[in-house]
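Colleague: got a sequence here, can you model it:
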Amino acid sequence: MRHRARQLHLPAVIFTFDHSPRRILDPGNFPGAITLPDEKFRLLFDSGVDWVVFRPFDRQFAVIYSQDFVQQILVEQLQTRAAFVGFNFGFGFNREGTAQSLADQLHEKGIECQVLQPVQLDGVTVSSTLVRKAVQSGDLALAHHMLGRPHSLSGVVVHGEKRGRQMGFPTANLLLENIGKVIPPRGVYQTLVDTATGRFPALTNIGVRPTFDRHQLLLEAHLLDFSGDLYSQTIRVQFLHRLREERRFPSMDALIGQIRIDLAEVRQRMTSSASS
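Modeller: A predicted model of the protein is given here:
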């Protein structure tokens, strides 16, 4: 798209929605976003395009007919000269429009349209559905392979019960209820945490802390070789590998012993990764 834009001496523009239409049309079955709007914007803009246009998706927009979308949005508002869409693109009321019908309508108006073929890895077509399933099952390597980057969760660090600090492993805590993103299963992970002062390897737990009879879903990240205060700061946690499932321990001492084992595994994986 950028190459064709340069040939035509026009800006390269991505038009997309701020949220997945499923979030509005079928909220009860929406499994969560892969990227939130700010993350999505950054990733798209970093691809080297000139503009990213976010159109809020609402029920009013959902009933626009496909031909009206083409005329009002693509032709009149965006003044499109060349369009690029995926092979499974659907648009308009009840997704009546397809990639091929879009190409046909645009060609009638003298506008180019290229339908892009599926991206495949190991013979499998990459899709948001497969990415979500990989994240939800804890297969972070597969999710990373399909995304081209680690799956991540971001949020503002909140105060916890200070149990990690009492055990010698202070954590940065994120509330996960209503976060809006697809969340890996409860368990312990090797992660990277991006902060305002840099990126740090971390041991991260997603769960409800059954050893202490808690029930609120929480992310707790213990940053290695970090000292400082992250309260009220926004961090991003990138998931690299699932070490084990969350489980209840008979005592705090037993939990501390397992955390030390988990930390040793994280450091060993860091060393192996650095030498490979």
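Colleague: what helices or strands is whichever strand or helix holds F41 leaning on?
Modeller: Using DSSP states H and E, F41 falls within helix 37-45. Judged by 3 or more Cβ pairs under 8 Å, 6 or more residues apart in numbering; DSSP states H and E, helix 37-45 is in contact with strand 13-17, strand 51-55. Where you see a C-beta, it was placed from the backbone N, CA and C, and this is true even at glycine.
Colleague: can you do 6 Å?
Modeller: Other elements packing on helix 37-45 under the criterion 3 or more Cβ pairs under 6 Å, 6 or more residues apart in numbering; DSSP states H and E are strand 51-55.
Colleague: restrict whichever helix or strand comes after the strand it packs on to CA atoms and write it as CSV.
Modeller: Where DSSP H and E defines the elements, the next helix or strand beyond strand 51-55 is helix 59-62. Below are the C-alpha coordinates for helix 59-62, written out as CSV (Å, rounded to 0.1, in the frame of the first residue of the first chain):
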residue,chain,number,x,y,z
ARG,A,59,-25.2,0.3,16.1
GLN,A,60,-26.0,3.2,13.8
PHE,A,61,-23.0,2.5,11.6
ALA,A,62,-23.8,-1.3,11.7
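Colleague: gap between helix 59-62 and the chain center?
Modeller: 24 Å (Cα atoms, centre = their mean, to the nearest Å).
Colleague: before we move on, back to that, for the helix holding F41, buried residues please.
Modeller: Residues of helix 37-45 classed as buried: K40, F41, L44 (neighbour count, 16 or more other Cβ atoms under 10 Å).
Colleague: next, count neighbours for the residue nearest to L44 when sequence neighbours are not counted.
Modeller: Excluding the flanking residues, the one nearest L44 by Cβ to Cβ, 6 or more residues apart in numbering is V52, at 4.8 Å. The local packing of V52 (other Cβ atoms under 10 Å) involves 18 other residues.
Colleague: any figure for the gap between the residue lying farthest from the centre of the chain and G123?
Modeller: Using Cα atoms, centre = their mean, the residue of the chain lying farthest from its centre is E108. It sits 37.2 Å away. From E108 across to G123, the span is 36 Å (Cβ to Cβ, to the nearest Å).
Colleague: kindly report the same for L219.
Modeller: From L219 to G123 the distance is 34 Å (Cβ to Cβ).
Colleague: those two: who's more crowded?
Modeller: More neighbours surround L219 than the other of L219 and G123, with 24 against 5 (other Cβ under 10 Å).
Colleague: mind listing the helices in this protein by residue range?
Modeller: Listed in chain order, the helices of the chain (DSSP state H) span 2-8, 21-25, 37-45, 59-62, 66-68, 99-108, 128-137, 140-147, 163-167, 252-275.
Colleague: make a markdown table out of the ones you listed and add distance to A82 and mean pLDDT.
Modeller: Output for these, formatted as a markdown table (distance: least, Cβ to Cβ, whole Å; pLDDT from 0 to 100):
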| stretch | distance to A82 | mean pLDDT |
| --- | --- | --- |
| helix 2-8 | 5 | 97 |
| helix 21-25 | 25 | 84 |
| helix 37-45 | 18 | 92 |
| helix 59-62 | 24 | 87 |
| helix 66-68 | 19 | 95 |
| helix 99-108 | 9 | 96 |
| helix 128-137 | 25 | 95 |
| helix 140-147 | 27 | 94 |
| helix 163-167 | 54 | 74 |
| helix 252-275 | 42 | 91 |
